[in-house]
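**Q** kindly return the folded structure for what I paste below:
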Amino acid sequence: MKKIILFLMLLTSSTQVYAREKLNIVAGNRGYFDVTFSEFAEKAGFFKQCDIDIDHFYTSGGAETLEALLAGKGDIATGITTSNALGAYQKNAPIKIIGSSMFGVDQVYYARSDSPINSVKDFNNKRIYYSTSGSFSYIIDNMINEKYKTNMSLVGTGNISSTFVAVMTDQIDIGGMSPPTVIPDVISGKVKIVAKAEELFPELKTQTVRVVVANNDSLNKKREAIKCWADSVLKSLDYFYGNEEGPKLYSNMTDISLDSIIYTMKILTKDHYTHITDISDDSLQQANIDGVKYKFLSQPLTNEQLKNAFFSVR
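**A** Numbers count the residues shown, from 1 in each chain. Model prediction:
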């Protein structure tokens, strides 16, 4: 009898399955480079070394992404407007900024090919999109109105597809996106690019405009997994930009044409996407100012609060 019990104990221990760590990644607008590189890294096999399972959940924009994280739907959120993240931190949300999602501004504005709009000079009194309140598109639209005195009406249109439909059906005059989304329609001639945010605001070229955020509980319990995730996403960028198979995989994964991916890579170089790196003090200070201006923050955060809002996993 003792031998049977011993045999059963050995059998149980030898067949025990140890649960792998799981990370839930929340991101806005699948297809945008900075928020989709995590899924790309997964498809390319860069997470195998981490012994983790990854699940990706997509929303219609950065504000909705942050809401999903705060609602407990994820461990990490990517593509969050920096000011919005600071605003949530000020309200005692249990989160930390863990790195940059991208540097500079990738927003591109488009209009129907038969539209008389060709540049920001033609934006006066037009109807322009934003995805959701609190998103980066909402902020940058307000910045255009302020800097270029365009007096545009801001219209919430939701995700990429609904924004495109709104442009094509004349519900709005100007749509926007982060490439490579809608680039196939630019190449086919359905729409035309009428402005690029990086040209409208060259002063933002070195600013961290979107960040990666993690909830505190995940940072406490899954820090090593999050660190490995961050390192793996960074490594995948070398493959994407340095190997011709990288863009092909991205194209197959997102159903966005390879021509559109390559077109976008010329606009948005690898330097835009140094994921999970420290954020400069200048970027945080500017986000602090913008946060008050666009009512994400009730008052500026102190330098100590700005420091505490960031947590390095590297």
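
**Q** distance of the residue nearest to G31 when sequence neighbours are not counted from A27?
**A** Sequence neighbours aside, T181 is the residue nearest to G31 in space, at 4.3 Å (criterion: CB to CB, 6 or more residues apart in numbering). In short, each C-beta sits where N, CA and C put it, glycine included. Distance, T181 to A27, using CB to CB, to the nearest Å: 13 Å.

**Q** thought F33 was touching the residue nearest to G31, still the case?
**A** No. Taking contacts as CB atoms under 8 Å, T181 lies outside contact range of F33: 9.7 Å.

**Q** longest helix anywhere in the chain?
**A** helix 223-242 (DSSP state H).

**Q** what's that helix packed up against?
**A** strand 21-28, helix 33-43, strand 52-59, strand 95-103, helix 245-254 (3 or more CB pairs under 8 Å, 6 or more residues apart in numbering; DSSP states H and E).

**Q** tell me which of T181 and A27 has more neighbours.
**A** Taking neighbours as other CB atoms under 10 Å, T181 and A27 compare with A27 leading, 27 against 24.

**Q** distance of the nearest residue to the more buried one once chain neighbours are set aside from E64?
**A** Once flanking residues are discounted, A27 sits nearest to V35: 3.7 Å by CB to CB, 6+ apart. Distance of V35 to E64, computed by CB to CB: 12 Å.

**Q** now do the shared contacts for those two.
**A** Counting by CB atoms under 8 Å, 6 or more residues apart in numbering, the shared contacts of V35 and E64 are G28.

**Q** between these two, who's got more neighbours?
**A** Neighbours of V35 and E64, each counted by other CB under 10 Å, are more numerous for V35; the result is 29 against 22.

**Q** which residues touch the more buried one?
**A** So V35 contacts 27-29, 58, 65, 78-79, 101 (CB under 8 Å, 6+ apart).

**Q** could you rerun that using 10 Å?
**A** 25-29, 56, 58-59, 61-62, 65, 77-80, 101-102, 178, 210, 212 (CB atoms under 10 Å, 6 or more residues apart in numbering).

**Q** and what of V209?
**A** Contacts of V209 (CB under 10 Å, 6+ apart): 34, 62, 79, 81-83, 100-107, 136, 139-140, 197, 201, 283, 286-287, 290.

**Q** which stretch of helix or strand covers N92?
**A** Using DSSP states H and E, N92 sits in no helix or strand.

**Q** burial count for it?
**A** There are 7 residues near N92, going by other CB under 10 Å.

**Q** check which helix or strand covers the residue nearest to G31.
**A** Following DSSP H and E, there is no helix or strand that holds T181.

**Q** can you check Q286 too?
**A** Secondary structure from DSSP H and E places Q286 in helix 281-293.

**Q** from the contact counts, what lies against that helix?
**A** On a contact count with 3 or more CB pairs under 10 Å, 6 or more residues apart in numbering; DSSP states H and E, helix 281-293 meets strand 76-81, helix 82-90, strand 95-103, helix 136-148, strand 208-215, helix 303-308.

**Q** which stretches of the stretch 1-150 of the chain have low pLDDT?
**A** Within the stretch 1-150 of the chain, the ranges that satisfy pLDDT under 70 run 1-19.

**Q** returning to that earlier point: if I look at the residue nearest to A27, how far off is Y58?
**A** V35 sits 8 Å away from Y58, going by CB to CB.
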